[in-house]
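[1] Attaching a predicted model along with its sequence, questions to come.
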Amino acid sequence: MSGHGTPQAMMSRPCGPLSGVAEVPGDKSISHRALILGALSVGETRITGLLEGQDVLDTARAMRAFGAEVTDHGGGAWSVRGVGVGGFAEPDQVIDCGNSGTGVRLIMGAMATSPISATFTGDASLNGRPMARVTDPLALFGARAVGRAGGRLPMTLVGAADPVPVRYAVPVPSAQVKSAVLLAGLNAPGQTVVIEREATRDHTERMLAGFGAQIAVEETGEGRVITLTGQPELSAQEIAVPRDPSSAAFPVCAALIVPGSDVLVPGIGLNPTRAGLFATLQEMGADLTYENEREEGGEPVADLRARFSPHMRGTQVPPARAASMIDEYPILSVVAANAKGQTVMRGVKELRVKESDRIEAMASGLRANGVAVEDGPDWWIVTGAGPGGVAGGARCASHLDHRIAMSFLILGMAAQSPVSVDDGGPIATSFPMFEPLMAALGADVAQVQE
């Protein structure tokens with residue numbers, strides 16, 4: 001499947017119990033960062049378990065364009081021979097980041113403090129997303145951005161010839177913005193400081209330390225203060241990418257709502273800045289258990305078992321938890337539709353500017369399938385009718401958003417009637433094996449010829 005080609009409709013039908021082992025892909029966030037930091041290092045970084053979805057492949061291609069030697073050895077094994085901090089070459093062609101907001105924003109940060117220029121573009125979804133939230137702080141280093149109205153791609157970024165370090169308080173919780181500023185700070189002299197009032201996923205900080213950067217994190221009255229000393233020599237690393245908790249969310253949530261299911265997802269990353277969904281599900285009464293807890297590559301990892309949970313009830317998700325599960329609200333809303341009572345989600349305005357307006361996309365599709373939903377600028381409430389309470393039967397718009405498409409396909413597995421999406425192609429950006437993996441567990445999900 002390709003998120004850039006002809007729309008590919010997909011349908012999910014009610015199914016029997018799901019069972020087996022779900023070998024979900026490698027973590028997308030960590031895969032992007034491994035490629036980028038490998039390219040900024042000296043020597044050869046070796047990566048195993050890399051997610052080979054389109055988003056990450058686009059980042060790999062971008063690193064080649066900036067001068068790094070990136071090699072696919074097969075089976076998720078890759079190597080990156082880096083050019084060192086400040087060693088990026090000016091690319092000959094436009095950098096196409098496809099559907100990936102993470103990719104384009106992190107790459108912009110990585111090149112913003114080098115005296116080169118690059119032009120970025122993406123698919124229709126990415127080109128509609130605002131970039132000013134990244135280009136504004138990058139301008140503090142001395143970089144200049146010229147794009148379409150509203151700070152949108154296509155956009156040319158002119159890196160700072162004489163970068164200066166910055167102190168920046170992130171206005172809205174965003175790991176992408178924080179990471180872009182930190183990556184820019186690598187090639188600035190002195191200390192770059194990023195302040196976040198609410199903690200977001202910390203893969204960048206962990207990986208920078210692993211590559212040898214001097215980075216300190218302190219909890220203060222201002223919030224979480226991250227201090228990076230610029231112009232280090234990063235050393236190549238061996239990186240084992242854990243499985244993606246955001247991808248694991250789909251088979252896990254399917255198991256919770258399909259009667260009789262019992263699914264094991266091995267080796268998923270349980271970084272505390274990413275595990276908000278699982279904590280929320282347990283509060284709702286989900287039968288989730290962690291097995292074989294361990295640490296791999298500086299990240300906490302465990303095997304996660306999910307079983308059908310007929311007694312789940314709605315909950316109020318703490319707004320402070322949003323940063324640790326922002327990508328999982330769409331699939332949480334599907335579980336909420338199969339729980340009893342109201343699930344209240346507040347402080348989630350970030351969902352309005354993801355690959356799509358995810359609140360509007362999910363609210364519209366859930367209503368079409370017979371689920372009661374209320375929504376506002378930064379909140380939404382799903383009222384569930386309990387197991388088997390979703391009528392289904394509707395065709396939902398994916399809005400070129402992989403998580404919207406997968407969420408509605410999971411909904412169809414536990415609904416009374418099939419649920420379809422107009423385009424499942426974008427699923428390839430993050431979870432290219434979604435369809436065969438779910439089918440192997442017992443789901444009835446397939447492409448539809450029209």
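    That came through, no problem.
[2] For residue 354, list the residues it contacts.
    Taking CB atoms under 8 Å, 6 or more residues apart in numbering, we find residue 354 in contact with 101, 129, 326, 327, 401, 403. Just so you know, the C-beta spots here come from the backbone N, C-alpha and C atoms, and that holds for glycine as well.
[3] Need the phi and psi values for it.
    With angles defined as degrees, to the nearest 10, residue 354 sits at phi -80, psi -150.
[4] Tell me how far it lies from residue 401.
    Noted for residue 354: a distance of 7 Å to residue 401, by CB to CB, to the nearest Å.
[5] could you list every residue that touches residue 437?
    Counting by CB under 8 Å, 6+ apart, residue 437 has contacts 22, 23, 24, 251.
[6] Report the buried residues of the helix or strand where it lies.
    Per DSSP states H and E, residue 437 falls inside helix 434-441. Neighbour counts using 16 or more other CB atoms under 10 Å place 434, 435, 437, 438, 440, 441 of helix 434-441 among the buried residues.
[7] repeat for stretch 439-449
    440, 441, 442, 443, 445.
[8] do stretch 382-389 as well
    Judged by neighbour count (16+ other CB under 10 Å), stretch 382-389 contains these buried residues: 382, 383, 384, 385, 387, 389.
[9] ok, back up a step: list just the nearest of the contacts of residue 437 to residue 148.
    Minimum distance to residue 148 across those is 35.7 Å, recorded for residue 24 (CB to CB).
[10] Look up phi and psi at the residue of the chain positioned farthest from its centre.
    Within the chain, the residue lying farthest from the chain centre (CA atoms, centre = their mean) is residue 162, at 32.5 Å. Phi and psi for residue 162, reported as degrees, to the nearest 10, are phi -130, psi 80.
[11] Tell me where the model's unsure across the chain.
    Within the chain, the stretches with pLDDT under 70 are 1-4, 297, 450.
[12] quick one, domains of this protein?
    In the assignment given by automatic domain parsing, the structural domains of the chain cover 10-26+242-447, 28-231.
[13] quick one: the last one to chain centroid distance?
    Centre-to-centre, domain 28-231 and its host chain are 15 Å apart (CA atoms, centre = their mean, to the nearest Å).
[14] repeat for stretch 248-256
    Mean-position distance between stretch 248-256 and its chain equals 16 Å (CA atoms, centre = their mean).
[15] With stretch 19-30 instead?
    Here stretch 19-30 is found 13 Å from its chain centre; the criterion is CA atoms, centre = their mean.
[16] Just give the closest residue to residue 372, not the sequence neighbours.
    In space, and not counting its chain neighbours, residue 372 is closest to residue 383: 4.1 Å by CB to CB, 6 or more residues apart in numbering.
[17] One more: residue 10?
    residue 424 (3.6 Å).
[18] Surely the one you found touches residue 11?
    No - if you go by CB atoms under 8 Å, residue 424 and residue 11 don't touch, sitting 9.2 Å apart.
[19] end to end, how far does stretch 383-394 reach?
    With CA to CA, to the nearest Å applied, stretch 383-394 spans 18 Å between its terminal residues.
[20] Would you map the strands across the stretch 301-450 of the chain?
    Assigned strands in the stretch 301-450 of the chain, in chain order: 316-317, 340-346, 372-376, 379-385, 395-396, 419-421, 444-447 (criterion: DSSP state E, counting those that start in this stretch).
[21] The fifth one: partners in the sheet, and parallel or antiparallel?
    Each strand that strand 395-396 pairs with, and the sense of that pairing, follows from DSSP bridges: strand 419-421 (parallel).
[22] Wasn't residue 208 part of a helix?
    Yes - per DSSP: H, G, I helix; E, B strand; the rest coil, residue 208 lies within a helix segment.
[23] so residue 48 sits right up against residue 241, yeah?
    Yes - the pair residue 48 / residue 241 is scored as a contact, 6.8 Å apart, by CB under 8 Å.
[24] Neighbour count: these two, which is higher?
    More neighbours surround residue 241 than the other of residue 48 and residue 241, with 27 against 16 (other CB atoms under 10 Å).
[25] That one and residue 301: what is the separation?
    With distances taken as CB to CB, residue 241 is found 11 Å from residue 301.
[26] And for residue 402?
    Per CB to CB, residue 402 is found 24 Å from residue 301.
[27] Of those two, which one has the most company?
    Higher neighbour count among residue 402 and residue 301: residue 402, with 29 against 22, using other CB under 10 Å.
[28] so what's that one up against?
    By CB under 8 Å, 6+ apart, residue 402 lies in contact with 3, 99, 355, 426, 427, 428, 429, 430, 431.
[29] switch to 7 Å and redo it
    Applying CB atoms under 7 Å, 6 or more residues apart in numbering to residue 402 gives the contacts 426, 427, 429, 430, 431.
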